[in-house]
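Q: Predicted model follows, preceded by the sequence.
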Amino acid sequence: MEVTAGDVDALVTGVLLLGSGGGGDARVYAHVLRSVLAAGPVRLHSPAELGDAPVLPVGMLGGTRVLGEKLPSGDELPAAVRALVRWTGVTPAAVMPFEAAGLNGVLPLPLAHQLGLPLVDADLMGRALPRVDQLTRVVAGGAVTPMALAEPAGQTVVVEGGDPVSTELTVRAFVAQAGGWAGAVMAPAPAAAALGDACLGTLGRALGLGRAHAGLGDTPAPARVADALGGHPVGGGRVVDVRRSPVGRFGRAAVTVDAPGAGVLRIEAENEYLLVLADGEPVAASPEVIVLLDRRSAAPIAADAVRSGDDVLVLVLPAPPWWAARPDAAVHVGPQAFGLGPAAAAPRPVRPAPAAEPPAPHAVRSASTAAGTGQEARR
């Protein structure tokens, strides 16, 4: 599969959908993608094609809204790659996103082009999640350190050793002191390892979702949206209350929707949407991908951009298969992993994600401003 310049809007929309309300605004990098892909398409490689070749998971950590104030130099990720190569002595043969959702879903494409390396269609989350200790590789018992971070002013650090929780705290401390965000590159691992400890095909899934979304048109019926995106519609209506509080590490939000026919919906969010309750009963929960869409444009609405008065559709996309197959997924990425307590959402069969077919003849539509201008306070 290849990503071309004509796929930029679809890819951006797809990674926003997989962001589940978080992950950062991928639209800020759309012009970079167009510039890179104008020179030729980027091919997405299966890990199986690369055998034991070392692959680097890459992305950014920190506050995506800070990008508007502390602009990237463009050398953050390459600098982090160089630092990790010096530290480990391992020359990478390919790169992959550690989170193929939100902003991190598009950052590896320019890097792969810049370094002249293959891009692997796999990631370590399958959707947007906030913490290093929630990576699939960590849950599977693998290592993500040594990890190199480089920030726009030129500081570079390498973190080695420690458990995943302490690594999370250490890298957040550096990001906070470095101005809010940094490029991050995690420990190299054989491509074949991703076959067992990574979510496969996530970029392809994002591209398929974006292409399907482009064909929805204006004010699509909820059933049509759900069918096109392979999701389950919980309900739709007017947002009547949004309450935000500085609870937990990243803050918390509770969104209440008056949804005729579905009752009163309450969506609990941190950086991403985590739990949906209908009249007090749980009906969807992370690692399912909970999405709030504008009912007129079907554009995804970020968790930090939803406001009282918004007319929304609450849609649930299937959990990434890697998480869906694990009986302990809820412990790591379910509501209780965020301090919300156990939530036994009614199980639904996993529906296949839409295939990444060529876009419809009409113009591909990018996500609207409902995706938010800053997104969450971290990544």
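A: Structure received. Numbering: from 1, shown residues only.

Q: Could you pull out the helices in the stretch 101-250 of the chain for me?
A: For the stretch 101-250 of the chain, helices defined by DSSP state H, counting those that start in this stretch occupy the ranges 108-115, 136-139, 164-177, 194-197, 202-214, 222-229.

Q: Select, out of these, the one closest to D25.
A: D25 lies closest to helix 202-214 among the helices of the stretch 101-250 of the chain, at 14.6 Å (Cβ to Cβ). From N, CA and C alone the C-beta is placed, and that goes for glycine too.

Q: Show the average pLDDT along the closest one.
A: The pLDDT scores in helix 202-214 average 97.

Q: now it and helix 222-229, what's the angle there?
A: Angle, helix 202-214 to helix 222-229, by axes from the mean of the first three to the mean of the last three Cα atoms, to 10 degrees: 150 degrees.

Q: on contacts alone, who are the packing partners of helix 202-214?
A: If you count contacts as 3 or more Cβ pairs under 8 Å, 6 or more residues apart in numbering; DSSP states H and E, helix 202-214 packs onto helix 8-18, strand 122-123, helix 222-229.

Q: Please convert those to CSV, extending it with mean pLDDT, mean neighbour count and distance to Q336.
A: Output for these, formatted as CSV (pLDDT from 0 to 100; neighbours: other Cβ atoms under 10 Å; distance: least, Cβ to Cβ, whole Å):
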stretch, mean pLDDT, mean neighbour count, distance to Q336
helix 8-18, 98, 29, 22
strand 122-123, 98, 30, 23
helix 222-229, 96, 18, 27
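
Q: could the ones you listed go into TSV alongside distance to Q155?
A: Below are the helices and strands packed on helix 202-214 laid out as TSV (distance: least, Cβ to Cβ, whole Å):
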stretch	distance to Q155
helix 8-18	28
strand 122-123	26
helix 222-229	41
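
Q: The closest residue to A329 other than its chain neighbours: neighbouring residues, count only.
A: With sequence-adjacent residues excluded and distances taken as Cβ to Cβ, 6 or more residues apart in numbering, A329 is closest to W323, at 4.4 Å. W323: 25 surrounding residues under other Cβ atoms under 10 Å.

Q: and the gap between W323 and V3?
A: Relative to V3, W323 is positioned 25 Å away (criterion: Cβ to Cβ, to the nearest Å).

Q: rewinding a little: next up, the contacts around the residue nearest to A329.
A: By Cβ atoms under 8 Å, 6 or more residues apart in numbering, W323 lies in contact with 126, 136, 199, 287, 329, 333.

Q: before we move on, back to that, out of the helices and strands packed on helix 202-214, nearest to F250?
A: When these are compared by Cβ to Cβ, helix 8-18 sits nearest F250, at 18.6 Å.

Q: and the following helix or strand past the closest one, which residues are buried?
A: Following helix 8-18 in sequence order, the next helix or strand is helix 30-37 (DSSP states H and E). Across helix 30-37, burial judged by 16 or more other Cβ atoms under 10 Å covers 30, 32-33, 36-37.

Q: List of residues touching helix 30-37?
A: By Cβ under 8 Å, 6+ apart, the surrounding residues in contact with helix 30-37 are 3-5, 7-9, 11-12, 42, 106, 109-110, 113, 366.

Q: which of the residues you listed has the most neighbours?
A: Ranked by the number of neighbours (other Cβ under 10 Å), the contacts of helix 30-37 place V106 first, at 29 neighbours.

Q: distance of the residue nearest the centre of the chain from G19?
A: With distances taken as Cα atoms, centre = their mean, A101 lies nearest the centre of the chain, 2.2 Å away. From A101 across to G19, the span is 5 Å (Cβ to Cβ).

Q: what touches both of the two?
A: Joint contacts of A101 and G19 (Cβ under 8 Å, 6+ apart) are 127-128.

Q: per-residue confidence for the residue nearest to A329?
A: W323 is given a pLDDT of 97.

Q: And for D52?
A: So, for D52, pLDDT stands at 97.

Q: can you confirm it is in a helix?
A: No. Secondary structure of D52 (DSSP: H, G, I helix; E, B strand; the rest coil): coil, not part of a helix.

Q: That one: neighbouring residues, count only.
A: D52 has 11 neighbouring residues, counting by other Cβ under 10 Å.

Q: Run through the residues that contact the residue nearest to it when sequence neighbours are not counted.
A: Using Cβ to Cβ, 6+ apart and skipping the chain neighbours, the partner closest in space to D52 is P190 (4.1 Å). Residues near P190 by Cβ under 8 Å, 6+ apart: 51-55.

Q: now the chain, which segments are flagged as low pLDDT?
A: The chain contains residues with pLDDT under 70 at 68, 342-379.

Q: Return the set of residues that bridge with the residue nearest to D52.
A: Beta bridges link P190 to P54, judged by DSSP bridges.

Q: how near is it to M96?
A: 12 Å.

Q: so what's in contact with the two at the same time?
A: Counting by Cβ under 8 Å, 6+ apart, the residues touching both P190 and M96 are V55.

Q: List the contacts of stretch 327-334.
A: Residues outside stretch 327-334 that contact it (Cβ under 8 Å, 6+ apart) are 129, 133-134, 139, 285-287, 319, 323, 336-337, 342-343.

Q: what about 10 Å?
A: With contact meaning Cβ atoms under 10 Å, 6 or more residues apart in numbering, stretch 327-334 is reached by 125-127, 129-131, 133-136, 138-139, 272, 274-275, 285-288, 319-320, 322-323, 326, 336-337, 340-345.
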